[in-house]
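K.L.:
Got a sequence here, can you build the structure:
(one chain, ligands or ions: 2)
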Amino acid sequence: MSLLPVSEAQARLFALAPPVAIESVAIDDAAGRWTAEPIVALRTQPWRDLSAMDGYALRFADLEDKLTVIGESAAGRPFDGDVGAGQAARIFTGAALPPGADTVLLQEEARREGDALWLDGEGPLRRGAHIRRAGSDFLTGDMLIEAGIRLGPAQLGLAAMGGHGRLPVRRRVRVAMVATGDELALPGAPLVEGVLPASNGPMLRGLLAGLPVEIVDLGILPDRLDVLADAFRAVEADILVTTGGASVGDHDLVRPALAAAGAEIDFWRIAMKPGKPLMAGRLGNTVALGLPGNPVSAFVTARLFLVPLVAALSGAAQPAPTPLPGVLGGDLAATANRAEYVRARIVDGRLVPSATQDSAAMRALARADALIFREAHAEPAKTGESCFFLPLA
Ligand SMILES: Nc1nc2c(c(=O)[nH]1)N[C@H]1C(S)=C(S)[C@@H](COP(=O)(O)OP(=O)(O)OC[C@H]3O[C@@H](n4cnc5c(N)ncnc54)[C@H](O)[C@@H]3O)O[C@H]1N2
Ligand code: MOO
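P.N.:
Numbers count the residues shown, from 1 in each chain. Ligands and ions are numbered 1, 2, ... in the order given. Presented below is the predicted three-dimensional model:
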């Protein structure tokens, strides 16, 4: 059976289901969601010409003259008169520039006695200094945020500044999680020799933390076809993610159990290391994603497939992770027929491959800062060469 390239598998995974339904949420609850529609400015920012500094609004042509202060403009309390020749208005940062004034003089460069005002310093170098022009950030009707963009802190601030109190996003994605394996026990259960803590659960929860998901944890299921198939049939979720039982052993039952539950498997086995036994398909309205059981394989496939799938179902315009350019801090051997995701530490700005790349080595994974992306059939790579990587922080 041939192995599917990662990017092709990602595209096929995203094609298995459309984004979930749109809902409107309060802007304070929208962090980490993706915009479901374009966000357009409902107001102009700045709404008028505003002062960028505390000082005096005046006419540039009058700068060398003795001026008379005739009023005050504060943010929220504009001066309602005009500034005429020989006049100035006290002004504060964010306050509207009174009509007639064209420049702001910093208060540090002014001397004031009563209503009299003189230049005391270099003064503004040009007409229009220290003024933020009306609409210089955006105008009513301007596109602020396209659809499919993740709402981070800056986007939330922009949307609020644009006049929005609620935002159209996709509802949370429901993720059902299953660990499979007769050897597993829940983390924290009494330690028994030969019984393995099901570490993939907390790890997947960590990977999903901060994403707009609702997790339904179905716990640990035994390596029994009927039990797995019954559990899969009963799943009500957008995504069913399993770990373990994905490979070819006699007890690797996830694929037959998904089939018995009525799933159509779209792909199985990817040209990636670690993570080869990954599978995906459709189980009714649920996208089923079978991750390998080896903890590092589960981590890497979750990072490259599960997290992007949540993003795709959440309406992300670009759900697949974007690798960053970096520089190798160690040598790498040639790769075979699978793309490799090499655990590495960032030392002095360079990516140093971890000594062990075993797909069960959790300690090395937990100490890694990045995954170096290596193409299949790549030549050996040397220290100092450029590479692409995905940060893990
Ligand atoms: N003959 C072959 N054997 C294997 C192949 C192959 O192509 N031919 N592929 C190997 C690769 S690559 C991987 S990766 C593993 C993954 O196999 P499975 O998905 O079937 O995983 P399991 O066999 O169930 O478990 C593997 C390993 O991980 C432990 N495990 C399982 N679940 C958890 C969990 N929730 N938390 C922590 N650890 C877990 C399990 O005890 C095993 O040690 O298959 C290779 N074999
Ligand atoms: O692909 Mo497996 O994940 O190499 O160990």
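K.L.:
Break this structure down into its domains, please.
P.N.:
Domain ranges of the chain: 6-20+171-313, 25-45+144-170, 50-132, 325-391, per automatic domain parsing.
K.L.:
got the end-to-end distance for the shortest one?
P.N.:
This means domain 25-45+144-170. 9 Å (CA to CA, to the nearest Å).
K.L.:
Near ligand 1, which residues of the stretch 251-393 of the chain are found?
P.N.:
252, 274, 276, 277, 292, 293, 294, 295, 297, 359 (CB under 6 Å from any ligand atom). The C-beta positions use only the backbone N, C-alpha and C, and glycine is treated the same way.
K.L.:
How much space separates residue 159 from ligand 2?
P.N.:
41 Å (CB to the nearest ligand atom, to the nearest Å).
K.L.:
tell me, how many neighbours does the spatially closest residue to that residue that is not a sequence neighbour end up with?
P.N.:
In this structure, residue 159 finds its nearest non-sequential neighbour in residue 39, 5.3 Å apart by CB to CB, 6 or more residues apart in numbering. Residue 39 is flanked by 22 other residues according to other CB atoms under 10 Å.
K.L.:
Let me know the pLDDT of residue 39.
P.N.:
At residue 39, the model reports a pLDDT of 99.
K.L.:
Ok, residue 1 next?
P.N.:
At residue 1, the pLDDT value in this model is 63.
K.L.:
likewise residue 393?
P.N.:
For residue 393, pLDDT reads 83.
K.L.:
Just name the most buried of the domains of the chain.
P.N.:
Of the domains of the chain, the one with the most neighbours on average (mean count of other CB atoms under 10 Å) is domain 6-20+171-313, at a mean of 19.
K.L.:
Kindly check the end-to-end length of stretch 378-386 for me.
P.N.:
End to end - CA to CA - stretch 378-386 spans 13 Å.
K.L.:
Contact partners for the closest residue to ligand 2 within the stretch 101-250 of the chain?
P.N.:
Closest to ligand 2 within the stretch 101-250 of the chain is residue 247: 8.0 Å, counting by CB to the nearest ligand atom. With contact taken as CB atoms under 8 Å, 6 or more residues apart in numbering, residue 247 is in contact with 276, 277, 292, 293.
K.L.:
Any chance of the residues you listed in CSV with pLDDT and distance to ligand 2 as columns?
P.N.:
Below are the contacts of residue 247 laid out as CSV (pLDDT from 0 to 100; distance: CB to the nearest ligand atom, whole Å):
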residue, pLDDT, distance to ligand 2
276, 97, 4
277, 97, 7
292, 98, 5
293, 98, 9
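K.L.:
Which residue, neighbours along the chain excluded, lies closest to residue 96?
P.N.:
Nearest to residue 96 is residue 78, by CB to CB, 6+ apart, at 4.1 Å.
K.L.:
Can you lay out the domains of the chain as TSV showing distance to residue 319?
P.N.:
Listed next are those as TSV, based on distance: least, CB to CB, whole Å:
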stretch	distance to residue 319
domain 6-20+171-313	4
domain 25-45+144-170	9
domain 50-132	37
domain 325-391	14
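K.L.:
ok so, going back, phi, psi of the residue of the stretch 101-250 of the chain closest to ligand 2?
P.N.:
Main-chain torsions, residue 247, degrees, to the nearest 10: phi -90, psi -150.
K.L.:
With residue 79 instead?
P.N.:
phi -70, psi 130.
K.L.:
now do residue 22
P.N.:
Main-chain torsions, residue 22, degrees, to the nearest 10: phi -90, psi 140.
K.L.:
so it touches residue 167, yeah?
P.N.:
No. Checked against CB atoms under 8 Å, the pair residue 22 and residue 167 is beyond contact range at 10.4 Å.
K.L.:
if I look at residue 376, how far off is ligand 1?
P.N.:
Taken as CB to the nearest ligand atom, the span from residue 376 to ligand 1 is 15 Å.
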